[in-house]
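K.L.:
sequence first, then the predicted structure:
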Amino acid sequence: MAKQGKRLRKINEGLDLDKSLALAEAISTVKTAANAKFDETIEISMNLGIDPRHADQMVRGVVGLPNGTGKTVRVGVFARGPKAEEAQAAGADIVGAEDLMAAVQEGKIDFDRCIATPDMMGLVGRLGKILGPRGLMPNPKLGTVTMDVRGAVTAAKAGQVEFRAEKAGIVHAGIGKASFEADKLLENAKAFVDAIQRARPAGAKGTYVKKVAVSSSMGPGIKVDVSSLSA
């Protein structure tokens, strides 16, 4: 087992890491323990009773966090003509077509979210092997392949986050910064939990939400009492 640093040992003093707390209490505990020299990200992780290897058990979607994430999101848009102008007006960081494709092929991926108009997917499809593994491939189910470029860019900038179950059935997302007020973090956490509940796939059997934990970038994970999620 890796040796804990002095800072982490001090944080863990007085904490019962085996105890499950109500969601609000867990968030408050994590926020208090986040004492790094930077504004730590607060994250929620949910272990679901699914097997993502089966198409009917995949959990994937987007959710708008009411209080944002506290993170500056760089948005790239594949569009031409009026739609390109619309994207720029909405605050997209980089907009283009063949020129943007060439930049991506050269390894210049200067965006965290990628949006495309439907007519651009023939072009964007060639970038699947580059954007796909990074979780950046535009997808109509996620609202990132759309003619409503303005709305998509605005949502991405306002704190919309994507989620996708990993192989072990875990979904996670940043729900804000340690500098956020506890009630704002709680609102964001509840919005994320609600989105995961609504995304329950038809193939999921038995207990859907098995375990939940919240943590900060440099702090310990605090277990959440699953029954408190519906409170």
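P.N.:
Yep, that arrived. Residues are numbered from 1 along each chain as shown.

K.L.:
quick one: contacts of the longest helix seen in the chain?
P.N.:
Looking only at the chain and at elements set by DSSP state H, the helix with the highest residue count is helix 182-198. Under the contact criterion Cβ atoms under 8 Å, 6 or more residues apart in numbering, helix 182-198 has outside partners 23-24, 27-28, 31, 42, 44, 46, 48, 59, 61-67, 69, 161, 163, 171, 173, 175-176, 180, 208-209, 212, 214, 229. No exception for glycine: its C-beta is placed from N, CA and C like everyone else's.

K.L.:
which among the residues you listed count as buried?
P.N.:
Burial by neighbour count, judged by 16 or more other Cβ atoms under 10 Å, picks out 23-24, 27-28, 31, 42, 44, 46, 48, 59, 61-63, 65, 67, 69, 161, 163, 171, 173, 175-176, 180, 208-209, 212, 214, 229 from the contacts of helix 182-198.

K.L.:
following the longest helix of the chain, which helix or strand shows up next?
P.N.:
Proceeding N to C from helix 182-198, the next assigned helix or strand is strand 209-216, under DSSP states H and E.

K.L.:
alpha carbons only: can I get that next one in PDB?
P.N.:
Extracted as PDB, the C-alpha positions of strand 209-216 are listed here (Å, rounded to 0.1, in the frame of the first residue of the first chain):
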ATOM      1  CA  VAL A 209     -27.500   2.100  -7.800                       C
ATOM      2  CA  LYS A 210     -25.100   0.000  -5.800                       C
ATOM      3  CA  LYS A 211     -22.600   2.400  -4.300                       C
ATOM      4  CA  VAL A 212     -22.000   6.100  -4.300                       C
ATOM      5  CA  ALA A 213     -19.100   8.200  -3.200                       C
ATOM      6  CA  VAL A 214     -18.000  11.800  -3.300                       C
ATOM      7  CA  SER A 215     -14.500  13.100  -3.200                       C
ATOM      8  CA  SER A 216     -12.200  16.100  -4.000                       C
END
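
K.L.:
quick one: it to chain centroid distance?
P.N.:
Using Cα atoms, centre = their mean, to the nearest Å, the mean C-alpha position of strand 209-216 is found 14 Å from that of the whole chain.

K.L.:
mind checking which of the buried ones among the contacts of helix 182-198 land in helices?
P.N.:
Of the positions in the buried ones among the contacts of helix 182-198, 23-24, 27-28, 31 sit in helices, assigned by DSSP H.

K.L.:
got CSV for the residues you listed, with distance to residue 221 and pLDDT too?
P.N.:
Rendered in CSV, the data for these read as follows (distance: Cβ to Cβ, whole Å; pLDDT from 0 to 100):
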residue, distance to residue 221, pLDDT
23, 14, 96
24, 17, 96
27, 12, 96
28, 15, 95
31, 14, 94
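
K.L.:
since that was my last question, I'll sign off now.
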